[in-house]
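Q: coordinates only, no sequence provided:
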């Protein structure tokens, strides 16, 4: 299939999905016994089926075209002689069309289903005005079909909600992104022009001063010209400022174009709740309290599947069967509620049900069974930590599907998808409806960000301003080293551990901090994180972009932005920084008891628990103070924040191998003289040579070394 | 209605033109290939020009904290963020000297754009199939999947789609 055909197919699939959602919404209305004009519903549904048929024919998708044609015929007949009792069978046809589009059903299935549909309303003549006119899938309805009075039936779930008479247009997201990028570049170019304009102003003013100092005749002539020049520069700068303001408006308009009302997804959510209830033999209704909350389209696309998962599981595992509910004095039909509100620059979504909620004791029991918890871990667990266990991979199984939502892998992925867009998810055992409640917090817009620009070493880094509680300046001499941490007694009297932001992120940073520095205090809920930076440059609005595909996920970095001077600056993922702090990365958590004299401190880095433990035990028994790292990145962070006398490292490790770790040590000013011993299973002469080239002082082959070899090698390099 | 028909005609016409062009391209490829010759250290590498989008001299590269061994940092090209990798590291070598890597070759891969740091761009060549050396490698395993061929004057021609995969950039292959 050529790229062009594939592109058409993709467009058609999106159109089909939107059309089927519209069809489902229409057929839902047939459930209302007090309908005034059921014929209008069938007519509108027939129009949708007609469009689908035409679009499928143009791209040669015959099975879909055939089934749509049958559906169109039946709906046309029903428009003349309405019969609401066939609604369920018509809804099945929607699922059949979806199967054909996804390729999970065959052309033979399509023929069989088409035949069954036609038998639904027997001996019905083909309705008038339904010539077989192919419809351009890129345009939509043909003029021969009856116009609909219901706006929502023309809309895809992610079209803007249009007022009657208002025109809408579908635009590919890539085009919006390109326009946004061009607008961002325009703003950057204007910023540079404004900066040059200021410089021109200064030069003109200097020339005025010089001209005044010249002898009268020459001076007067020059002065006039120079003053005119200064005036032109001023006017030019004012004009640039106005253009900048207009460009800002354009960018804001572009940003608004990307925003989609959550209400556009309501038909999809209702369908999910309906299908989940049908599939599980339960009864449920969806209540939506989302108002006119809007969210960035890209974010919405990312959370679409997680939301579907949470809704399905609320029905499948939260609400209980009708019998269970009636036994508990509840209505047989359960309520699943989705609500949304704005909180600053974030959207807060809640999905709650009126089931029995989550029993923390059962969660702990399950965690012990699955090995996610050991008996020693249980004591001291906070209630929120217990509930958080349900987000662990592989936690939930069928045995507890009445207690926790869905398959364990699903909730783990839900959290991961939300993290991808800078969002969070938490669970409450009992919300205000009585059942469990999932609380999702998401940024409303991925595109623009108000940030605090800071300098870390030679790098400029952007911190989201929403997370910044305060900033202050401090001299390096006022910083204290406490148990391996840099710390300060902060303005409110509370001590604060500090991390150098550049080192925390793994950027090249100065070995020693000196002179005046700035502290940025980040806050997320009750947690605080103090960051040391070289300089705070100011606040700015930034167009944030995802990192290129070649990077994958970068710890601590949520994206990047292009500065006014054309440089790229990483945008910090604040939630990830807090998560790293929670994991104790880069920290030395143990308080060391003071001992007479100073034990040499050795860092052992190996991803194998067995090797790491063996080497640690050997060295500790010999009287060394040993810290361990689980891989190259872990080891690097420990080195940057610690004070070691020797590094023992494996080579083959995830995230950063031992050779690269050794090279980084040799390239870092403060560490370049640190002795490095490689202990590896790679034992060829070229491996040894590579280790030496990387800068290792000793190379021990794992299957050859013994306790004595390691201790002798260490002793050669530390006193 | 006539608008719909016109639109349909346009779509079908574009499809026909696209199909015809694919056949022409295939014909040309069978006869020769165009490569950009770049140098890393003392080694000359040929990059298929159909993948080369542009060549920049001295791009401003921002460091990113990544463990991916091949990735050097990130830059922007007319508003697009582009990852920058060291071609030398991708091919299993080390960077002799970052300062010597003066040129950035921006290539298009199935996954998106990528910048490759090289020491120099030597020029462009049109290679006929009979200019490639047969029998240089002892079988497919010896050659490696990402090598399309080698010329008689020892210019290695790369298959960039095979070479520039996410796993390879992350050091997993």
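A: All right, it came through fine. Fair warning: this is a prediction, and the values are worked out from it, not measured in the lab.
Q: what is the strand or helix carrying residue B:85 packed up against?
A: Using DSSP states H and E, residue B:85 falls within strand B:80-86. In terms of contacts (3 or more Cβ pairs under 8 Å, 6 or more residues apart in numbering or on different chains; DSSP states H and E), strand B:80-86 is packed against strand B:71-77, strand B:112-118. Any C-beta I mention is one placed from the backbone N, CA and C, and that applies to glycine too.
Q: show me what that strand is in contact with.
A: Contact with strand B:80-86 is made by A:181, A:545-551, A:560, A:562, A:568, B:59, B:61, B:70-76, B:95, B:101, B:104, B:106, B:113-117, B:164, B:169, as judged by Cβ atoms under 8 Å, 6 or more residues apart in numbering or on different chains.
Q: tell me which stretches of chain B form helices.
A: B:2-31, B:87-90, B:140-143, B:160-163, B:166-169 (DSSP state H).
Q: give the buried residues for the fourth one.
A: Read that as helix B:160-163. Across helix B:160-163, burial judged by 16 or more other Cβ atoms under 10 Å in any protein chain shown covers B:160, B:161, B:163.
Q: that one close to chain A?
A: No - judged by Cβ under 8 Å from any Cβ of the partner chain, helix B:160-163 and chain A are separated, with a smallest distance of 12.4 Å.
Q: what does the second one give?
A: No - using Cβ under 8 Å from any Cβ, helix B:87-90 never reaches chain A; the gap is at least 9.8 Å.
Q: now do the SS call for residue A:105.
A: Following DSSP: H, G, I helix; E, B strand; the rest coil, we place residue A:105 in the coil state.
Q: quick check: closest non-adjacent residue to it.
A: Using Cβ to Cβ, 6 or more residues apart in numbering or on different chains and skipping residues adjacent in sequence, the residue nearest residue A:105 is residue A:99, 3.9 Å away.
Q: could you do residue A:227 as well?
A: residue A:208 (6.2 Å).
Q: just give the number of residues close to the one you found.
A: Residue A:208 has 16 neighbouring residues, counting by other Cβ atoms under 10 Å in any protein chain shown.
Q: follow-up on the earlier one: strands paired with the strand holding residue B:85, and their directions?
A: Strand B:80-86 sits in its sheet next to strand B:71-77 (antiparallel), strand B:112-118 (parallel), going by DSSP bridges.
Q: what would these look like in TSV with mean neighbour count?
A: Shown next, in TSV, are the strands paired with strand B:80-86 (neighbours: other Cβ atoms under 10 Å in any protein chain shown):
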stretch	mean neighbour count
strand B:71-77	22
strand B:112-118	24
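Q: include mean pLDDT and distance to residue B:40 when you put these into TSV, please.
A: Formatted as TSV, the strands paired with strand B:80-86 follow (pLDDT from 0 to 100; distance: least, Cβ to Cβ, whole Å):
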stretch	mean pLDDT	distance to residue B:40
strand B:71-77	90	13
strand B:112-118	92	5
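Q: need those in TSV (columns: distance to residue A:111).
A: Shown next, in TSV, are those (distance: least, Cβ to Cβ, whole Å):
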stretch	distance to residue A:111
strand B:71-77	52
strand B:112-118	42
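Q: what's the closest of those to residue B:46?
A: strand B:112-118 (11.8 Å; Cβ to Cβ).
Q: show me where pLDDT drops low in chain B?
A: Per-residue confidence for chain B (pLDDT under 70) gives these ranges: B:1-31, B:67, B:94-100, B:134-145, B:172-173.
Q: touching chain B at all, stretch A:242-262?
A: No - residues of stretch A:242-262 contacting chain B under Cβ under 8 Å from any Cβ: none, with a closest distance of 12.5 Å.
Q: how much space between residue A:499 and chain B?
A: Distance, residue A:499 to chain B, by Cβ to the nearest Cβ, to the nearest Å: 13 Å.
Q: figure out how far the helix or strand where that residue lies is from the centre of its chain.
A: Element membership for residue A:499 (DSSP H and E) is strand A:495-500. Chain-centre distance of strand A:495-500: 27 Å, with Cα atoms, centre = their mean, to the nearest Å.
Q: elements contacting that strand?
A: Helices and strands touching strand A:495-500, by 3+ Cβ pairs under 8 Å, 6+ apart, are strand A:485-489, strand A:516-524, strand A:527-533.
Q: lowest mean pLDDT across the ones you listed, which one is that?
A: For the helices and strands packed on strand A:495-500, the weakest mean pLDDT is recorded on strand A:485-489, namely a mean of 79.
Q: now do the buried residues in that strand.
A: For strand A:485-489, by 16+ other Cβ under 10 Å, it's A:485, A:486, A:487, A:488.
Q: the last one against residue A:477, yeah?
A: No - with contacts counted by Cβ atoms under 8 Å, residue A:488 stays clear of residue A:477, the gap being 11.1 Å.
Q: what sits closest to the residue of the stretch 351-500 of chain A found nearest chain B if chain neighbours are left out?
A: Nearest residue of the stretch 351-500 of chain A to chain B (Cβ to the nearest Cβ) works out as residue A:459 at 6.2 Å. When the adjacent residues along the chain are set aside, residue A:459 lies closest to residue A:507, with 5.1 Å between them (Cβ to Cβ, 6+ apart).
Q: what's the answer for residue A:702, then?
A: residue A:681 (4.4 Å).
Q: burial count for that neighbour?
A: 14.
Q: equivalent analysis for residue A:318, please.
A: Residue A:318 has 31 neighbours, counted by other Cβ under 10 Å.
Q: residues contacting it?
A: Listed by Cβ under 8 Å, 6+ apart, the contact partners of residue A:318 are A:336, A:353, A:355, A:405, A:435, A:436.
Q: before we move on, what about residue A:489?
A: So residue A:489 contacts A:495, A:496 (Cβ under 8 Å, 6+ apart).
Q: how close does it get to residue A:478?
A: 9 Å (Cβ to Cβ, to the nearest Å).
Q: cool, residue A:622 as well?
A: Distance, residue A:622 to residue A:478, by Cβ to Cβ: 39 Å.
Q: out of the two, which sits in the busier spot?
A: A count of neighbours by other Cβ under 10 Å puts residue A:622 above the other of residue A:622 and residue A:478, at 15 against 11.
Q: so that one sits against residue A:712, correct?
A: No - in this structure residue A:622 lies outside contact range of residue A:712 using Cβ under 8 Å: 10.6 Å.
Q: under the pLDDT cut-off, which ranges of the stretch 51-200 of chain A? List them.
A: For the stretch 51-200 of chain A, the stretches flagged by pLDDT under 70 are A:54, A:57-60, A:122-168, A:170, A:173, A:181, A:185, A:188.
Q: could you measure from residue A:665 over to chain B?
A: The gap separating residue A:665 from chain B is 15 Å, by Cβ to the nearest Cβ.
Q: helix, strand, or coil at the residue nearest to that residue when sequence neighbours are not counted?
A: In space, and not counting its chain neighbours, residue A:665 is closest to residue A:671: 4.7 Å by Cβ to Cβ, 6+ apart. Here residue A:671 is coil, with the state taken from three-state DSSP.
Q: so residue A:671 is in contact with residue A:662, correct?
A: No - applying Cβ under 8 Å as the test, residue A:671 and residue A:662 come out as separate, 10.3 Å apart.
Q: out of these two, which sits in the busier spot?
A: residue A:662 (25 against 17).
Q: helix, strand or coil: sort out that one for me.
A: Reduced to three states by three-state DSSP, residue A:662 is helix.
Q: then residue A:356?
A: Residue A:356 ends up coil, using three-state DSSP.
Q: give the contact list for it.
A: With contact taken as Cβ under 8 Å, 6+ apart, residue A:356 is in contact with A:320, A:328, A:434, A:435.
Q: just those now: which is nearest residue A:219?
A: Using Cβ to Cβ, residue A:435 comes nearest to residue A:219 of those, at 86.1 Å.
Q: could you look up the SS state of the closest one?
A: Applying three-state DSSP: residue A:435 is coil.
Q: count the residues that sit near it.
A: Neighbours of residue A:435 under the rule other Cβ under 10 Å: 24.
Q: mind checking how far it is from residue A:324?
A: From residue A:435 across to residue A:324, the span is 12 Å (Cβ to Cβ).
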